[in-house]
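Visitor: Predicted model follows, preceded by the sequence.
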Amino acid sequence: MSFSLSKKVALVTGSSRGLGYGVAKSLGNAGAKVVINYLNDRDSAEKALERLKADGTHAMLVRADVSDPEQIGSLVEAVEEKFGSLDILVPNATPDQPQKPIEEYDAEFYRQMYDFFVMSPFHLAQAVLPGMKKRGHGRIINVTSEVFHCSVPEFSAYVAAKGGQIGWSRSMANELAPFGITVNTVAPGWIPTERHENDPEEDKNAYLKTIPLGRWGKPEDVGNTVSYFASDEASFITGQTLCVNGGRTPW
């Protein structure tokens, strides 16, 4: 890796496993101090922390519901108290996203998607921005999805929320640029992780055939992209969305 995140502190929400852990691992490999966040699965979170520390990453573990503004405030306070700063924010936490015809969704599920992918990044940003503005430096990297660019059917709630997340990020990029803070988004394709263990093989095989590079993406593919956006090498890049999906959305 040609860039360094030494002396930087990164918070990755929903990072006890899957893509979140892949992001945390890549940031740690680049030299950042990493905060693992989880809500329900303490066992996975503790194992993730142990693996990071075994790799030489300076890391800590904090339980918090990042859809709750009060818990977000306590989370950020705990990080800044231990590490002195919070330089890199990666909102990654996500609930289940079942695919359904629009007639089968209800308003509460739409609100849940909006809470996770727009309101949670909003509250997290409000909590971290005072410190970032004071230091004149910060990186916010939202983990969105290719579903917005691909207009995936029977996924309307998730697609709508991810579209809102991308729009929010672009607006924040312009607003925060004068303070030395960049805001970008990473849009992964379908990358099988623990949560996909029971997905139908025929669905996986059909999706794999649509990837021009001819292989599945890995969590580290997303993590390395996040680490790049977090680095000084990406200091002149803001308001952008980079699809990490093997060329399924080449435009």
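Guide: Thanks, I have the structure now.
Visitor: following the longest strand along the chain, which helix or strand comes up?
Guide: With secondary structure taken from DSSP state E, the chain has its longest strand at strand 181-188. Stepping forward along the backbone from strand 181-188, the first helix or strand reached (DSSP states H and E) is helix 201-208.
Visitor: just checking, next helix/strand downstream of that following helix?
Guide: On the C-terminal side of helix 201-208, the nearest following helix or strand under DSSP H and E is helix 219-230.
Visitor: Quick check, pLDDT for residue 200.
Guide: pLDDT, residue 200: 79.
Visitor: Could you list the low-pLDDT ranges of the stretch 51-200 of the chain?
Guide: By pLDDT under 70, the weakly predicted segments of the stretch 51-200 of the chain are 195-197.
Visitor: What residues sit buried inside the strand or helix carrying residue 45?
Guide: Element membership of residue 45 [criterion: DSSP H and E] is helix 42-54. Within helix 42-54, the residues scored as buried using 16 or more other C-beta atoms under 10 Å are 44-45, 48-49, 51-52. The way it works is simple: take the backbone N, C-alpha and C, and place the C-beta from them, glycine included.
Visitor: Equivalent analysis for stretch 179-198, please.
Guide: Residues of stretch 179-198 classed as buried by neighbour count (16+ other C-beta under 10 Å): 181-192.
Visitor: and of the residues you listed, the nearest to residue 77?
Guide: When those are ranked by distance to residue 77 (C-beta to C-beta), residue 181 comes first, at 19.6 Å.
Visitor: coming back round to it: output the buried residues of helix 42-54 in CSV, with distance to residue 18 appended to each entry.
Guide: Output for the buried residues of helix 42-54, formatted as CSV (distance: C-beta to C-beta, whole Å):
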residue, distance to residue 18
44, 9
45, 12
48, 10
49, 15
51, 13
52, 15
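Visitor: Output the buried residues of stretch 179-198 in JSON lines, with distance to residue 212 appended to each entry.
Guide: JSON lines is the format used below for the buried residues of stretch 179-198 (distance: C-beta to C-beta, whole Å):
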{"residue": "181", "distance to residue 212": "34"}
{"residue": "182", "distance to residue 212": "29"}
{"residue": "183", "distance to residue 212": "28"}
{"residue": "184", "distance to residue 212": "23"}
{"residue": "185", "distance to residue 212": "21"}
{"residue": "186", "distance to residue 212": "19"}
{"residue": "187", "distance to residue 212": "16"}
{"residue": "188", "distance to residue 212": "15"}
{"residue": "189", "distance to residue 212": "11"}
{"residue": "190", "distance to residue 212": "14"}
{"residue": "191", "distance to residue 212": "15"}
{"residue": "192", "distance to residue 212": "18"}
